[in-house]
Structures are given as C-alpha cells and as structure tokens.
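Novice: I would like the atomic coordinates for the input below:
(one chain, ligands or ions: 1)
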Amino acid sequence: MTNGKTLEEWSEEINSTIEKVGKMQGVLAEMTKVLLQQKNAMNKNAQGAAELTAEEKAKLLEKGTCPDCGGLSFYPGPEGGLSQNLKCVTCGSSFNVCAPFFAERI
Ligand SMILES: [Zn+2]
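Specialist: Here you go, the predicted model:
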C-alpha cells in the first residue's frame with residue numbers, strides 16, 4: 001500500500017461513522033416522537049377531546065347511536081344555529097351534532 005489509510009485508521013473511521021449513525025437514529029427517533037405528539041394534539045378539538053373518526057361520525061349521524069357505547073338514547077342539550085348538543089344517556093359522552101353533516105365531541 002502506497003497511499004491511503006492504514007487498517008487501524010479505516011477501522012477508527014468506520015467506528016466513528018457508526019457512532020454518528022447511531023446518534024442520527026436517536027435524533028430521528030426523537031423527531032418522530034415529537035411529530036406524533038403534534039399529530040395527536042392536532043386531532044383534539046378546542047375542548048381537548050379527541051376528534052371523532054369517520055366511522056364514529058357515521059355511527060352518530062347515520063345510525064343515531066353513541067360511537068362510544070352504542071347507546072340509542074341521548075339527553076338533548078342546548079341548540080345553537082343548526083347544531084345541537086347531545087349527551088349519551090348510557091355513557092355520558094357528549095357531542096355537538098348537526099345531522100347529517102357534522103358531529104364533534106364536546
Ligand atoms: Zn354512549
């Protein structure tokens with residue numbers, strides 16, 4: 001060998017690269033965690049309740065059943081505009097509903 005690095009130097013460089021990759025993986029894992037937290041935060045409405053999924057909305061708006069417990073009875077709450085607050089008699093989950101267009105947890 002005329003130029004370049006010795007085996008020891010290569011070995012050192014490879015080890016230092018492996019170390020860097022390991023650190024980057026740690027950073028990526030941390031970033032992923034932060035992004036997931038942000039995503040979860042965005043899926044909550046102003047009251048901090050989780051948004052209804054499309055499936056839950058369909059249960060509520062199309063079948064008139066509570067997406068949490070399947071209950072069929074609701075206490076009517078205050079009405080505002082075209083929407084009405086509903087509270088499930090069975091499990092107490094509350095929703096703001098404007099059938100058949102819109103539903104959210106409250
Ligand atoms: Zn319920």
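Novice: how far does the longest helix along the chain sit from the chain's center?
Specialist: Counting by DSSP state H, the longest helix found in the chain is helix 7-42. In terms of CA atoms, centre = their mean, to the nearest Å, the centre of helix 7-42 is set 24 Å apart from its chain centre.
Novice: Does anything pack onto it? Which helices or strands?
Specialist: Packed against helix 7-42 by the contact rule (3 or more CB pairs under 8 Å, 6 or more residues apart in numbering; DSSP states H and E) you find no helix or strand. All C-beta spots, glycine's among them, are computed from the backbone N, C-alpha and C.
Novice: What parts of this structure come near the ion?
Specialist: Within the chain, the positions near the ion by CB under 5 Å from the ion are 66, 68-69, 71, 88, 90-91, 93.
Novice: Going by distance to Phe101, which of the residues you listed wins?
Specialist: Using CB to CB, Cys66 is the member of the residues of the chain next to the ion that lies nearest Phe101, at 18.6 Å.
Novice: who's in contact with that closest one?
Specialist: Cys66 makes contact with 59-60, 72, 74, 88, 90-91, 93, according to CB atoms under 8 Å, 6 or more residues apart in numbering.
Novice: now swap in Glu9 and tell me
Specialist: Applying CB under 8 Å, 6+ apart to Glu9 gives no contacts.
Novice: Quick one: neighbours of the closest residue to Asn85 other than its chain neighbours, just the number.
Specialist: Nearest residue to Asn85, sequence neighbours excluded (CB to CB, 6 or more residues apart in numbering): Gly77, at 3.1 Å. By other CB atoms under 10 Å, 15 other residues sit near Gly77.
Novice: Repeat that for Lys57.
Specialist: Other residues close to Lys57 by other CB under 10 Å number 19.
Novice: same thing with Val89?
Specialist: The local packing of Val89 (other CB under 10 Å) involves 13 other residues.
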